[in-house]
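Engineer: Okay, here's the prediction I keep looking at, along with the sequence it came from:
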Amino acid sequence: MAIGQVKDVERGEINDLGDLEAPLIEEENVVGYEKNDEGAAADSGSIWMVLLCTFVAVCGSFEIGSCVGYSAPTQSALMEDLNLSVAEFSVFGSILTIGAMIGAVTSGRIADLIGRKGAMRMAACFCIAGWFAVYFSKGALSLDVGRFSTGYGIGVFSFVVPIFIAEIAPKNLRGGLTTLNQLLIVTGASTAFLIGSVISWRALALTGLIPCVLLLIGLFFVPESPRWLAKVGHYEEFHIALRKLRGENADITKEAAEIQEYIETLESLPKAKILDLFQQKYIRSVIIGVGLMVFQQFGGINGIGFYASEIFASVGPSSGKIGTIAYACIQVPITVVGAMLMDRSGRRPLIMVSAAGTFLGCFMAGTSFYLKAHDLLLGWVPVLAIGGVLFYIASFSIGMGAVPWVIMSEIFPINVKGVAGSLVVLVCWLGAWIVSFTFNFLVNWSSSGTFYVYSAFSLLTILFVAKLVPETKGKTLEEIEACINS
């Protein structure tokens, strides 16, 4: 891909590199009631509308999980009913991430042109079309087209949902509400996995329509992001949306003035180019954002997640079913714990503890396969394998799954947030494809070695966070930039 003139996403100009774009998050210049008006913060209309907006948005997150979790429980039935080869099913599974990569890197322009709500509507329509294509499939081609379509939809969701939540939420709730994105992703995946074990693959495809329909209906009842409305000059709608989010009794005068002043400042900023990301004042933020996504993915989450059933079954026939059910059930409660800890413990401690746990889980699983390969302590092999994988997924769910996305939404300077944000999301999806594609090759090379490689990335994550990643909990944009550049 050639590097060309990029549009200034804050001005809405057209560019030659339209896929590396992302919308603006301006949550740090937050509401007046967070700073000086505690009475307004207590307005019941404020919190309930924010919660309603969040609930509607995370229907998109649930849809991401539904799409990701679809292939595991349907593999044998799909291959048998449609006479698919292993290679054809592999294409069906992996093409989801290709669609998601394209959706993620084009979501910026979409969200800036038609708004956050418009982008979510469009993503839902792509997912609906994809599920119908899968449901009516009679061969590999229509399956792949449907899977690609759902992939594109969830790629848009993967960036727009946390952006929308961060833009409408007060900063004291921003971390926890944004973490709901990850919670609903794992809930959707677990639900698809469990339901898919008792219903047909066609019926499971129809269940993927439910979150899309709920989202499309819910968007009629929630306001657009006030910051996007202000950016595009819809000032009357901007005040109406802000009033709905802050409550009828809240004084929004100060906040409205701050947002408009902020937008005017953005208009005076120079155009952002991709090469700008390599300037000294931006490079550390880019390294942090890209680095967190690299370590999140190369810690092995998609390889272990996609092939968990095979991992359990490989250490003993009785281990497969027990381990798989436990794996599906453990993610949700642990992610809830992570959401509660997000704005209490801080981002850095949570991600470091999480990475330490994923290291230990992978090391246990790797040791189990080493013992099996050398016929040592065979009675401990299933215990270490199941315990290691479950400990891994629990540790990942408490921090590594959600925290990098929260930090990504907070660290980038405004004038490069568009291109940098989409670059980070692109890296994430690319890493997901690489890990899921290479997992079987690595296991054929060495089962124990595969898990030891993943555990090494977890150790590197701890060092990376300790050395480079600042604490962003409760800080404004200016304070975060100062920490990064200090």
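Structural biologist: Done, it's in.

Engineer: what helix or strand does the most centrally placed residue in the chain sit in?
Structural biologist: By CA atoms, centre = their mean, the chain has its centre lying nearest to S158, at 5.0 Å. Secondary structure assignment for S158, by DSSP states H and E: helix 140-168.

Engineer: With F89 instead?
Structural biologist: Counting by DSSP H and E, F89 is part of helix 86-135.

Engineer: Counting by contacts, list what that helix packs against.
Structural biologist: Applying 3 or more CB pairs under 8 Å, 6 or more residues apart in numbering; DSSP states H and E, one finds that helix 86-135 makes contact with helix 44-68, helix 71-81, helix 140-168, helix 201-207, helix 209-218, helix 226-231, helix 417-445. Glycine gets a C-beta too; all of them are placed from N, C-alpha and C.

Engineer: Pull the number of nearby residues for the closest residue to the residue nearest to the centre of the chain other than its chain neighbours.
Structural biologist: Spatial nearest neighbour of S158, excluding adjacent residues (CB to CB, 6 or more residues apart in numbering): A104 at 5.6 Å. By the measure other CB atoms under 10 Å, the count of residues near A104 is 31.

Engineer: For A104, list the residues it contacts.
Structural biologist: 155-156, 158-159, 422, 425-426, 428-429 (CB atoms under 8 Å, 6 or more residues apart in numbering).

Engineer: one more time with 6 Å
Structural biologist: A104 makes contacts with 155, 158-159, 425-426, 429, as judged by CB atoms under 6 Å, 6 or more residues apart in numbering.

Engineer: before we move on, what about R348?
Structural biologist: 465, 471.

Engineer: repeat that for 7 Å
Structural biologist: 465, 469, 471 (CB atoms under 7 Å, 6 or more residues apart in numbering).

Engineer: closest to E237 among the residues you listed?
Structural biologist: Closest approach to E237 among the contacts of R348 (CB to CB): E471, at 35.6 Å.

Engineer: pLDDT at the closest one, what is it?
Structural biologist: At E471 the predicted local distance difference test score is 80.

Engineer: what sits against it?
Structural biologist: Counted by CB under 7 Å, 6+ apart, E471 has contacts 346-348.

Engineer: List just the nearest of those residues to L459.
Structural biologist: Proximity of these to L459 (CB to CB) peaks at R348, which lies at 16.2 Å.

Engineer: Check which residues of the helix or strand in which that closest one is found are buried.
Structural biologist: For R348, the host element (DSSP H and E) is helix 347-373. Residues of helix 347-373 classed as buried: 347-372 (neighbour count, 16 or more other CB atoms under 10 Å).

Engineer: rewinding a little: quick one, which of the helices and strands packed on helix 86-135 is nearest to A339?
Structural biologist: Between those, helix 44-68 lies closest to A339; by CB to CB that is 11.3 Å.

Engineer: one step back: now, the contacts of R348 that are in strands?
Structural biologist: Using DSSP state E, no member of those falls in strands.

Engineer: Can you add distance to P223 and give these back as a markdown table?
Structural biologist: Below are those laid out as a markdown table (distance: CB to CB, whole Å):
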| residue | distance to P223 |
| --- | --- |
| V465 | 36 |
| V469 | 33 |
| E471 | 31 |
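
Engineer: circling back: in the contacts of A104, which residue is surrounded by the most others?
Structural biologist: Highest neighbour count within the contacts of A104, by other CB under 10 Å: F159, with 30 neighbours.

Engineer: wait, isn't that residue in contact with V425?
Structural biologist: Yes - in this structure, F159 is within contact of V425 by CB atoms under 7 Å, at 5.1 Å.

Engineer: The host helix or strand of A313 - what's its average pLDDT?
Structural biologist: Secondary structure assignment for A313, by DSSP H and E: helix 308-314. For helix 308-314, mean pLDDT rounds to 74.

Engineer: And for stretch 353-365?
Structural biologist: For stretch 353-365, the per-residue pLDDT averages 94.

Engineer: Give me the residues contacting it.
Structural biologist: With CB under 7 Å, 6+ apart, stretch 353-365 has contacts from 299-300, 384-385, 387-389, 391-392, 394-396, 398-400, 451, 454-455, 458-459, 461-462.

Engineer: How many residues are close by M400?
Structural biologist: 28.

Engineer: can you check Q182 too?
Structural biologist: If you count neighbours by other CB under 10 Å, Q182 ends up with 29.

Engineer: how far away is it from M293?
Structural biologist: Distance, Q182 to M293, using CB to CB, to the nearest Å: 14 Å.

Engineer: Then G305?
Structural biologist: Distance from G305 to M293, by CB to CB: 16 Å.

Engineer: go on, A256?
Structural biologist: Going from A256 to M293 by CB to CB gives 35 Å.

Engineer: Next: L173.
Structural biologist: Using CB to CB, L173 is found at 24 Å from M293.

Engineer: more crowded one of these two?
Structural biologist: M293 (23 against 17).

Engineer: What helix or strand is that one located in?
Structural biologist: Per DSSP H and E: helix 280-298 holds M293.

Engineer: In that helix, which residues are buried?
Structural biologist: Buried residues in helix 280-298 (16+ other CB under 10 Å): 282, 284-286, 288-298.

Engineer: orientation of that helix relative to helix 417-445 in degrees?
Structural biologist: Angle between the axes of helix 280-298 and helix 417-445 is 30 degrees (criterion: axes from the mean of the first three to the mean of the last three CA atoms, to 10 degrees).

Engineer: so helix 280-298 versus helix 347-373, what angle?
Structural biologist: Going by the same axes, to 10 degrees, helix 280-298 makes 40 degrees with helix 347-373.

Engineer: thinking again about what came up before, can I get the helix or strand that the helix holding R348 is followed by in PDB, CA atoms only?
Structural biologist: Per DSSP H and E, helix 347-373 leads on to helix 381-395 as the next helix or strand towards the C-terminus. The C-alpha coordinates for helix 381-395 follow below in PDB (Å, rounded to 0.1, in the frame of the first residue of the first chain):
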ATOM      1  CA  VAL A 381      -0.900 -34.200  31.700                       C
ATOM      2  CA  PRO A 382      -4.700 -33.600  31.600                       C
ATOM      3  CA  VAL A 383      -4.700 -31.600  34.800                       C
ATOM      4  CA  LEU A 384      -1.900 -29.300  33.600                       C
ATOM      5  CA  ALA A 385      -3.400 -28.900  30.100                       C
ATOM      6  CA  ILE A 386      -6.900 -28.100  31.200                       C
ATOM      7  CA  GLY A 387      -5.800 -26.000  34.200                       C
ATOM      8  CA  GLY A 388      -3.300 -24.100  32.100                       C
ATOM      9  CA  VAL A 389      -5.700 -23.200  29.300                       C
ATOM     10  CA  LEU A 390      -8.500 -22.200  31.700                       C
ATOM     11  CA  PHE A 391      -6.000 -20.200  33.800                       C
ATOM     12  CA  TYR A 392      -4.800 -18.600  30.500                       C
ATOM     13  CA  ILE A 393      -8.300 -17.600  29.400                       C
ATOM     14  CA  ALA A 394      -9.300 -16.300  32.800                       C
ATOM     15  CA  SER A 395      -6.200 -14.200  33.000                       C
END
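
Engineer: Check which helices and strands the helix or strand following helix 381-395 sits against.
Structural biologist: Under the assignment DSSP H and E, the closest C-terminal helix or strand after helix 381-395 is helix 403-411. Contacts defined by 3 or more CB pairs under 7 Å, 6 or more residues apart in numbering; DSSP states H and E place helix 403-411 against helix 140-168, helix 171-196, helix 280-298, helix 347-373, helix 477-485.
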